[in-house]
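**Q** pasting a predicted model and its sequence here:
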Amino acid sequence: MNAAKVGFIGGGRVARIFLEGWRRAQALPEAITMSDLNIDVLGYMKARFPAIHTTCDNMKAAKQDIVFLGVHPPVMAEAAAGIKGRLEPGALVVSLAPKFTIARLTELLGGFARIARVIPNAPSVINVGYNPVAFGPALTTEDRAALTALLTPLGECPEVAEDKLEAYAVLSAMGPTYLWFQLQALREVAAGFGLDDAEIASALKRTVCGATRTLLESGLTPAEVLDLVPVKPLAEMEAQVGELYRTRLPAIYQKIKP
């Protein structure tokens with residue numbers, strides 16, 4: 001599948017993240033066909049990526065070598081069933097959504113089993129994503145290599161067991177949203193203290209990366225890590241925030257499980 005033709009069914013956030021990441025890495029596929037029922041979405045994507053072909057017809061996007069199903073779970077069944085029998089025999093279908101297993105997608109696609117699943121991660125937009133992938137048993141070594149070649153410019157793409165993908169959806173796909181609003185608030189507060197953008201960017205990046213590595217790599221217990229800094233301005237909120245993690249995240253995990 002060298003220079004594979006790529007199709008996207010759904011032109012929303014995930015498609016934009018992938019295309020932005022590929023362009024940033026100078027690895028944008030030469031032939032991309034994107035379908036979406038929303039002409040405003042297609043217009044936006046065409047303006048950002050003039051070389052892509054846009055259409056409201058999912059059948060045209062489905063006639064490519066590698067077809068990404070970039071739709072939300074509530075409409076996945078309809079989107080998959082709608083292209084049943086229209087895929088090229090040697091095509092590779094890649095689902096970018098949780099909840100729908102390879103077995104279920106094969107059923108929706110009328111027995112077509114050349115399928116992989118990826119849980120996308122927003123930092124792929126700057127090529128530092130974490131996009132776990134599960135390959136269906138019908139895929140060959142060449143198929144796996146073709147998809148890996150597309151994913152690698154976006155960041156890491158470890159192969160994982162399919163039954164762990166929904167856990168990664170909560171951890172890595174949704175994970176940035178647990179942090180971004182807090183980091184932006186900290187960024188704004190630091191600006192109020194007189195630090196400029198460059199100073200904030202350097203300190204914030206090192207602080208967040210260093211904090212993560214200290215928790216995971218220091219060999220200290222979590223309690224010992226938490227005790228490394230004596231002054232904790234938000235200490236009274238820790239229990240409340242921890243309880244939100246322990247209640248809301250298991251709830252969303254149960255919702256997206258197959």
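**A** Yes, it's here.

**Q** hey, let's count contacts and neighbours off CA atoms from now on
**A** OK.

**Q** pLDDT below threshold where in this structure?
**A** 1-2 (pLDDT under 70).

**Q** give the closest residue to the most centrally placed residue in it in space, chain neighbours not counted.
**A** Centroid check for the chain by Cα atoms, centre = their mean gives Pro120 as the closest residue, at 1.5 Å. Spatial nearest neighbour of Pro120, excluding adjacent residues (Cα to Cα, 6 or more residues apart in numbering): Asn131 at 4.9 Å.

**Q** before we move on, the earlier item: for the residue nearest to the centre of the chain, give its distance to Glu224.
**A** Distance, Pro120 to Glu224, by Cα to Cα, to the nearest Å: 33 Å.

**Q** hang on, Thr54 is in a strand, isn't it?
**A** Yes: Thr54 forms part of a strand when assessed by DSSP: H, G, I helix; E, B strand; the rest coil.

**Q** and it, bridged to which residues?
**A** Applying DSSP bridges to Thr54 gives these bridge partners: Met34.

**Q** just Phe8 next, same as before
**A** Assigned bridge partners for Phe8, using DSSP bridges, are Met34, Phe68.

**Q** dump the residue contacts of it.
**A** Residues near Phe8 by Cα atoms under 8 Å, 6 or more residues apart in numbering: Ala15, Ile32, Thr33, Met34, Ser35, Ala61, Ala62, Val67, Phe68, Leu69, Gly70.

**Q** the fourth one against Phe49, yeah?
**A** Same thing as Met34. No: with contact defined as Cα atoms under 8 Å, Met34 does not count as touching Phe49 (10.8 Å).

**Q** who has more neighbours, those two?
**A** The neighbour count for Met34 versus Phe49, taken as other Cα atoms under 10 Å, is higher for Met34 (27 against 16).

**Q** ranges for the helices of the chain?
**A** Taking DSSP state H, the helices of the chain run over residues 13-24, 39-48, 58-61, 73-82, 102-108, 141-151, 165-168, 175-192, 197-217, 222-226, 235-256.

**Q** nearest to Leu96, of those helices?
**A** Counting by Cα to Cα, Leu96 lies closest to helix 13-24 out of those; the figure is 7.9 Å.
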